[in-house]
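A.B. asks: Fold the following for me, if possible:
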Amino acid sequence: MQYTSLGRSGLQVSRLCLGTMNFGSNTEEKEAFRIMDAALEYGINFFDTADVYGGVYNRGRTEEIIGLWFARGGGRREKVILASKVYGPMEYPGEGPGAKGGLSAFRIRRHLEGSLSRLQTDHIDLYQMHHVDPSVTWEELWEAFEIAQRQGKIGYVGSSNFAGWHIVEAQAAARSRNFLGLVSEQHRYNLVCRLPELEVLPAARHLGIGIIPYSPLGGGLLGGDVLNPPAGSRRATEGMRKAVEKHRPQVEKYSSFCEELGQKEADVALAWLLANPAVAAPIVGPRTLGQLQSMLRSLQIKLDADTLAKIDEIFPGPGGEAPEAYAPQGQLLRPTPVNPTRR
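C.D. replies: Numbering: from 1, shown residues only. Modelled structure (predicted):
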């Protein structure tokens, strides 16, 4: 396993992050235990979850499963860099209007306590804002996180689904308080969704914030076997069929190119993310132990410049970083020099 610092922090995390969103909804408890045991054996020390995971009518179940796994002992908790998230609606008695979701100091405190209880731990290493809440000031947010950090209940703070300017604004407010601020941004980023390259990745790189890509396989579109999936398989759903039809020419070219490389589509998609210096650790969300084992191959794939260029041809990005992506310096209009001899 390979490891890296999470942003500018000293926290060392594995280059693959175990996503647990399937636990409790698509993956039963026993299989989830097997996946987490294997992840540790393979050197994956970075686990990501959220308070709302577990299904619409079973929010919190994923954290409960992880907590039960920790309770089995064997030093499991001490071996894991645990990340969870707060924002979404949870069903707490008496919460009132706040039950709809958000990031008030009240919600952060209450939901953190709920997560700690379900996870059967006294601290969360990386506590992430699951979304932006424009109704709450940064002063309120940072004070809430500072208190939780001083109490030893969280180690670091991260964000998710933030725009580039949100990241900059958050860090400016944190700096004014002499607070470390964000160390990571969890963002949708894959070959099909490359918009983050415009502003989110540059902002994060400039400020020393590690990018944690979620949906690295584009919701399964880059996972292989999507062009002619077996009837009844998860890849044969109506939603996947529509996605394939929308991107069919690209998916066909990509599948053929991966075959030329002698690699699986999913492994190349992960290797492409790992090749980006702004990326700390893509989140892989296996439903089965076999899926986790197959994903480890991506760590051994090194994509050279020619291969990366070919992938860019198949899945063109936004053209680079803003503003050069849409206003190249060589094409900027310049004022016509005034001829002083002309009247």
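A.B. asks: C-alpha only now, for contacts and for neighbours.
C.D. replies: Noted.
A.B. asks: quick one: low-confidence ranges for the chain?
C.D. replies: Under the criterion pLDDT under 70, the flagged ranges of the chain are 92-99, 232, 235-236, 330-343.
A.B. asks: What is the longest helix belonging to it packed up against?
C.D. replies: Across the chain, the longest stretch assigned as helix under DSSP state H is helix 238-261. Judged by 3 or more C-alpha pairs under 8 Å, 6 or more residues apart in numbering; DSSP states H and E, helix 238-261 is in contact with helix 265-274, helix 305-314.
A.B. asks: and the angle from the last one to helix 238-261?
C.D. replies: Yep, that's helix 305-314 we're talking about. Counting by axes from the mean of the first three to the mean of the last three C-alpha atoms, to 10 degrees, helix 305-314 lies at 150 degrees to helix 238-261.
A.B. asks: In helix 305-314, which residues are buried?
C.D. replies: Of all the residues in helix 305-314, those buried under the rule 16 or more other C-alpha atoms under 10 Å are 311, 314.
A.B. asks: Next, work out how far apart the residue nearest to His111 when sequence neighbours are not counted and Ala204 are.
C.D. replies: Among residues not flanking His111 along the chain, Val86 sits closest, at 6.8 Å (C-alpha to C-alpha, 6 or more residues apart in numbering). Using C-alpha to C-alpha, to the nearest Å, Val86 is found at 21 Å from Ala204.
A.B. asks: With Pro316 instead?
C.D. replies: Here the criterion is C-alpha to C-alpha. By it, Pro316 lies 21 Å from Ala204.
A.B. asks: Just want to know which of those two has more residues nearby.
C.D. replies: Of the pair Pro316 and Ala204, Ala204 is the one with more neighbours under other C-alpha atoms under 10 Å, namely 22 against 16.
A.B. asks: isn't that one right up against Ile211?
C.D. replies: Yes - the pair Ala204 / Ile211 is scored as a contact, 7.1 Å apart, by C-alpha atoms under 8 Å.
A.B. asks: Identify the contacts common to the two.
C.D. replies: Taking C-alpha atoms under 8 Å, 6 or more residues apart in numbering as the contact rule, Ala204 and Ile211 both touch 184-185, 278.
A.B. asks: Please produce TSV containing these, extended by distance to Phe70, secondary structure and neighbour count.
C.D. replies: Below are the shared contacts of Ala204 and Ile211 laid out as TSV (distance: C-alpha to C-alpha, whole Å; DSSP: H, G, I helix; E, B strand; the rest coil; neighbours: other C-alpha atoms under 10 Å):
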residue	distance to Phe70	secondary structure	neighbour count
Ser184	24	strand	27
Glu185	26	strand	29
Ala278	31	coil	21
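A.B. asks: I'd like the residues you listed laid out as TSV, including distance to Glu140.
C.D. replies: Output for the shared contacts of Ala204 and Ile211, formatted as TSV (distance: C-alpha to C-alpha, whole Å):
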residue	distance to Glu140
Ser184	20
Glu185	20
Ala278	29
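A.B. asks: Now the longest helix of the chain: buried residues?
C.D. replies: Judged by neighbour count using 16+ other C-alpha under 10 Å, the buried positions of helix 238-261 are 240-241, 243-244, 248, 250-251, 254-255, 257-258.
A.B. asks: cool, stretch 77-92 as well?
C.D. replies: Residues 77, 80-90 are the ones in stretch 77-92 that count as buried (16+ other C-alpha under 10 Å).
A.B. asks: any idea how far Trp69 is from Gly43?
C.D. replies: 17 Å.
A.B. asks: same check, this time on Thr137
C.D. replies: Distance from Thr137 to Trp69, counting by C-alpha to C-alpha: 37 Å.
A.B. asks: Looking at the two, which has the bigger crowd around it?
C.D. replies: Between Thr137 and Trp69, Trp69 has the larger neighbour count (other C-alpha under 10 Å), namely 21 against 13.
A.B. asks: who are the neighbours in contact with the more buried one?
C.D. replies: Taking C-alpha under 8 Å, 6+ apart, we find Trp69 in contact with 33, 76.
A.B. asks: Which residue ranges of the stretch 101-250 of the chain form helices?
C.D. replies: For the stretch 101-250 of the chain, applying DSSP state H, counting those that start in this stretch gives helices covering 105-119, 138-150, 164-176, 200-207, 238-261.
A.B. asks: tilt between the fourth one and helix 164-176?
C.D. replies: Right, the one you point to is helix 200-207. Between helix 200-207 and helix 164-176, the angle comes out at 20 degrees (the same axes, to 10 degrees).
A.B. asks: Now do helix 200-207: everything it contacts.
C.D. replies: 162-165, 167-168, 184-185, 210-211, 278, 321.
A.B. asks: Endpoints of stretch 233-240, how far apart?
C.D. replies: Stretch 233-240 end-to-end distance (C-alpha to C-alpha) = 11 Å.
A.B. asks: what does it rub up against?
C.D. replies: Residues contacting stretch 233-240 (C-alpha under 8 Å, 6+ apart): 220-221, 225-226, 229-230, 241.
A.B. asks: Buried only: go through those for me.
C.D. replies: 220-221, 226, 241.
A.B. asks: For the residues you listed, could you give me JSON lines that also reports distance to Glu197?
C.D. replies: Formatted as JSON lines, these follow (distance: C-alpha to C-alpha, whole Å):
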{"residue": "Gly220", "distance to Glu197": "21"}
{"residue": "Leu221", "distance to Glu197": "20"}
{"residue": "Val226", "distance to Glu197": "26"}
{"residue": "Arg241", "distance to Glu197": "27"}
